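Asks: structure for the following, please:
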Amino acid sequence: MNRIRLISILNLALFVLLSLTFSCNNTETRPPGPNILFIPVDDLRPDLGCYGNNQIITPNINRLATGGVTFTRTYCQQAVCNPSRASLLTGLRPDSIQVWDLYTSFRDHVPEVVTLPQYFKQNGYTTIGLGKTYHYNIPDTLSWTSKPHIDGYPFDPDAVYLNEENLKIQESKIEQMIAAGRNRIDQLGHWYVKANAIESADADDDAYFDGAQTTLAIELLADLAGKKDPFFLSVGYYRPHLPFNAPKKYWDLYDRETLPIADNQYPPQGSPEFAMHGDRELRSYDDCHNLPLPGEAPWDEERQRELIHGYYASVSYIDAQVGRLLEELDRLGIMENTIVVLWGDHGWKLGEHNGWCKQTNYEIDTHVPMIISGYGVEARNQESDALTEFVDIYPTLCEMAGLEIPGHLQGHSMVPLLSTPHMGWKEAAFSQFLMGRFGPPEARIYERMGYTIRTDRYRYVEWYNWDKEKNSKGDLIAKELFDHETDPQENQNLATDPLHLNTLNNLSQQLNKGWRYALPEKNK
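Replies: Here you go, the predicted model:
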C-alpha cells in the first residue's frame with residue numbers, strides 16, 4: 001500500500017487525534033510564555049555571512065545568529081512556496097496534507113488541523129500575520145488574531161515597481177489586457193502585472209512593501225509589548241523573491257564584476273532530464289524571455305551577474321529590515337523574553353545546474369537557512385550541523401513556550417540542540433517534489449513525484465509516475481544518488497554505478513521506511 005493511499009485511511013484517525021488534542025486550552029492557569037518573532041524570508045538560500053558567505057552583506061542576520069543557534073543542515077519538505085510553508089505551519093509533511101502545488105489549500109484535505117500560530121492563539125497568544133507567512137493566496141485566517149495589510153499595495157505586493165521603465169511596461173500591458181477584455185485586478189482593486197526581473201530605485205526602504213511592513217511591525221511591537229498576553233508576530237518578507245526590486249543603496253553595496261557565478265552550469269550528469277525544470281518563473285519577466293533551458297548553453301555572464309547582483313541587493317535590503325526589528329526589541333527591553341526564528345522557505349538556484357529559481361529535489365533547492373535565537377537558547381553564537389527539517393519548528397516552539405506538543409505533528413523538537421548543538425540527531429531529512437504542476441502546458445502533460453532522502457553523506461532520490469486523478473504514485477522510473485563526500489554540488493548521478501549498488505539499496509530501504517525511522521535514537 002503506497003503512502004498516498006495510506007493518507008486516506010489515516011486522515012480520519014488524524015482528525016480524531018486533533019480533536020482530542022485541541023479540545024481544551026489552559027490559557028487561564030498557564031503563566032504568560034515568551035513572545036515569538038517569526039521571520040519567514042521568501043526564496044532565501046543559505047547564502048549569508050553567518051553561513052560562510054563573506055561577499056554578501058548581512059550584518060543584522062549575523063547579529064541574530066550570535067544570540068542563538070545557526071542550523072547549517074536544515075531542509076524544507078518541498079522546494080516551492082505553498083507546499084513548504086503549509087508543511088512547516090501544519091507540522092505535517094506534503095503527502096499528509098496533499099499540498100504539492102501553488103493552488104491547493106491544506107484545509108481542503110485536513111480541514112480541522114490546528115496550525116502553529118493557531119495553536120498559540122488557542123493558548124492565549126495574540127497572533128498577527130504580516131506579509132507572506134502562508135503562500136500569499138492562501139492566508140488561512142483561522143491562524144491569526146489579525147492579518148493586517150498596508151493600504152496602497154496590491155494583495156500580492158511582490159511586483160511593485162518604482163522606476164519609469166518598469167511602470168511603462170506595466171501600463172502597456174494593462175492597456176493590452178483591457179483591449180482584449182482581460183484583467184488581472186486583485187481583491188483590493190490593484191492590477192497585478194510583472195515587468196522586468198530587476199529594479200534599482202533611488203527610494204527609501206518603505207517605498208517597497210517589505211520596508212513599509214517593517215515600519216508597521218515596529219508599531220505593532222510597541223503596542224504588543226505593553227499587553228499582558230504574549231505575542232506571536234510573523235513578519236513575512238517577500239524579497240529576495242523575484243522581481244529583485246530594492247532601493248539603490250543596497251545595490252551600491254556590491255561591485256557586480258566581483259560577484260561569483262556558478263561553476264557547475266550544467267544539469268547533473270546521468271540524471272533524468274525531467275528532474276530539472278525550465279525556470280518559467282524567471283522567464284516570465286520581460287527582460288528574461290531569452291533565458292536558456294537547463295540543457296542549453298548558459299546565459300551570458302553579464303546577465304548572470306546582473307541577476308546575482310539583484311539577489312544580493314535584495315537580501316541586504318531584507319537584512320536591514322531584520323535589523324530594524326531587532327533594534328525595536330532592544331529598545332522595548334523584550335529581546336530576552338522573545339524567541340526569534342528566521343527561516344527561508346526553500347533554496348534558490350543562481351545558475352547552478354544551469355538553472356534559476358527553485359523547484360527541484362537537489363541540495364541547492366532543498367537546503368535552507370534556519371536560525372533560532374533569543375529566549376530559551378543556551379548555546380549562543382554556535383552552529384549545529386544536525387540534520388533538521390522544517391516540520392521540526394512547530395514542536396520546537398511548543399516546547400520552548402511550555403506548551404504541550406500536539407500528537408499529530410510529524411517533526412521532532414530541536415530543543416536539545418539549543419543547548420547541545422553538536423549532539424547526535426536524525427539519521428536523515430526527507431523532501432519531495434512533484435514535477436508536472438508547474439511550467440507551460442507541454443510541461444504539464446505528465447506528472448512525476450520524486451522522493452528524496454538526505455543523510456550525513458548521501459542524497460538519494462526515487463522518481464515515480466504520478467496519477468494526477470488519484471493523487472498516487474505508480475511505477476518507479478528513475479533513481480539518483482549523490483555522494484556529498486566527493487560531490488557536494490551533486491553534479492554526478494551514481495545510481496547506475498554498480499560500485500554503489502549496496503549503498504543505493506540501503507538508502508532505498510531507508511527512504512521507503514520513512515521519517516519515523518530516522519528520528520534520534522532514543523525516540524525510535
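
Asks: the spatially most central residue of the chain - nearest residue in space that isn't next to it in sequence?
Replies: When C-alpha atoms, centre = their mean is applied to the chain, the residue found nearest the centroid is D345 (0.6 Å). If you skip the residues right next to it in sequence, D345 has S84 as its closest partner in space, 4.6 Å away by C-beta to C-beta, 6 or more residues apart in numbering. No exception for glycine: its C-beta is placed from N, CA and C like everyone else's.

Asks: neighbouring contacts of the strand or helix carrying that neighbour?
Replies: In this assignment (DSSP states H and E), S84 forms part of helix 81-90. With C-beta atoms under 8 Å, 6 or more residues apart in numbering as the contact definition, helix 81-90 has outside contacts at 40, 42, 76-78, 93-94, 97, 99-106, 110, 113, 115-117, 133-135, 138, 140, 143, 343, 345-346, 390-391, 393-394.

Asks: strands - which of those land there?
Replies: With DSSP state E as the criterion, strands contain 40, 343 from among the contacts of helix 81-90.

Asks: buried subset of the contacts of helix 81-90 as a PyMOL selection?
Replies: Only the buried entries of the contacts of helix 81-90 go into this PyMOL selection, using 16 or more other C-beta atoms under 10 Å:
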select buried, resi 40+42+76+77+78+93+94+97+99+100+104+105+106+110+113+115+116+117+133+134+135+138+140+143+343+345+346+390+391+393+394
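
Asks: hmm, V377 is touching T420, no?
Replies: No - in this structure V377 lies outside contact range of T420 using C-beta atoms under 8 Å: 11.8 Å.

Asks: more neighbours: the two, which one.
Replies: Applying other C-beta atoms under 10 Å to V377 and T420 shows that V377 carries more neighbours, namely 22 against 14.

Asks: double-check that that one belongs to a strand.
Replies: No - assigned with DSSP: H, G, I helix; E, B strand; the rest coil, V377 falls outside any strand and is coil.

Asks: residue contacts, it?
Replies: V377 makes contact with 67-69, 339, 418, according to C-beta under 8 Å, 6+ apart.

Asks: ok, now R239?
Replies: 41-42, 208, 210, 245-246, 314-315, 317-318.

Asks: strands - which of those land there?
Replies: Those of the contacts of R239 lying in strands (DSSP E): 41, 245-246.

Asks: what is the nearest of those residues to T503?
Replies: Closest approach to T503 among those (C-beta to C-beta): V41, at 35.1 Å.

Asks: what's across from the closest one in the sheet?
Replies: Y237, G344 (DSSP bridges).

Asks: gap between it and V377?
Replies: 19 Å (C-beta to C-beta, to the nearest Å).

Asks: name the nearest residue to E480, ignoring sequence neighbours.
Replies: Here the residue nearest E480, using C-beta to C-beta, 6+ apart, is V461, at 4.0 Å.

Asks: same deal with P40?
Replies: Spatially, and ignoring its direct neighbours in sequence, P40 is nearest to G236 (4.4 Å; C-beta to C-beta, 6+ apart).

Asks: who's in contact with the one you found?
Replies: Contacts of G236 (C-beta under 8 Å, 6+ apart): 39-42, 129-133.

Asks: got it, and L221?
Replies: Applying C-beta under 8 Å, 6+ apart, the residues near L221 are 233, 325, 328-329, 332, 334.

Asks: what does A386 give?
Replies: Contact partners of A386, counting by C-beta under 8 Å, 6+ apart, are 71, 73, 414, 417, 421-423, 425-426.
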